[in-house]
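>>> Output the structure for:
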Amino acid sequence: MPRIANLLIVVALFASLGCSAKSTEVIKTEAPDFVNANCPIMGSEVEPDGGQTSWNGKEVGFCCGKCVGKFDAMDDSQKQSAIDKHNP
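Okay, here's the model as predicted:
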């Protein structure tokens, strides 16, 4: 019986050490592959939390959420023109 008790103590120690150790693993998420580097509305740099929308099978990034709505309200030719204007 003492061997089983010792084994249980060792297992419990390893289990508690594993739970208390801080993880240093960094999980990277892949950023969307935007067709633009600059916001098609304002011309400023696309921000990670600026919002995005799909258009013609592409992901378009923005500097802020307000610009997404403005872009979505445009017709296709205006959208292409806005992207081209700010992303030569």
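
>>> Show me the shaky parts of the chain.
The chain contains residues with pLDDT under 70 at 1-2, 5-8, 10-31.

>>> quick one, helices of it?
For the chain, the helices defined by DSSP state H cover 2-20, 65-72, 76-86.

>>> residues near the closest residue to G43 other than its chain neighbours, how many?
Spatial nearest neighbour of G43, chain neighbours left out: H86 (4.3 Å); criterion: C-beta to C-beta, 6 or more residues apart in numbering. Every residue, glycine included, has its C-beta placed from N, CA and C. Using other C-beta atoms under 10 Å, H86 has 17 other residues around it.

>>> quick one: contacts for H86?
N36, N38, C39, P40, M42, G43 (C-beta atoms under 8 Å, 6 or more residues apart in numbering).

>>> let's go with 6 Å and repeat that
Applying C-beta atoms under 6 Å, 6 or more residues apart in numbering, we find H86 in contact with N38, P40, G43.

>>> For the residues you listed, which single residue is the most surrounded?
P40 (27 neighbours).

>>> Distance check, it against I9.
Distance of P40 to I9, computed by C-beta to C-beta, to the nearest Å: 64 Å.

>>> One more: Q78?
Q78 is 71 Å from I9, by C-beta to C-beta.

>>> And N87, by the same measure?
Distance from N87 to I9, by C-beta to C-beta: 64 Å.

>>> between those two, which one's more packed in?
More neighbours surround N87 than the other of N87 and I9, with 16 against 10 (other C-beta under 10 Å).

>>> In this structure the more buried one contacts V35, no?
No. The pair N87 / V35 is not scored as a contact, 7.8 Å apart, by C-beta atoms under 6 Å.

>>> Name the nearest residue to P40, sequence neighbours excluded.
A82 (3.8 Å).

>>> oh sorry, the question was meant for D76
N56 (7.4 Å).

>>> Ramachandran coordinates for that neighbour?
Phi and psi for N56, reported as degrees, to the nearest 10, are phi 50, psi 40.

>>> Just give me the neighbour total for it.
Counted with other C-beta under 10 Å, N56 comes out at 9.

>>> do you know how far it is from S77?
From N56 to S77 the distance is 12 Å (C-beta to C-beta).
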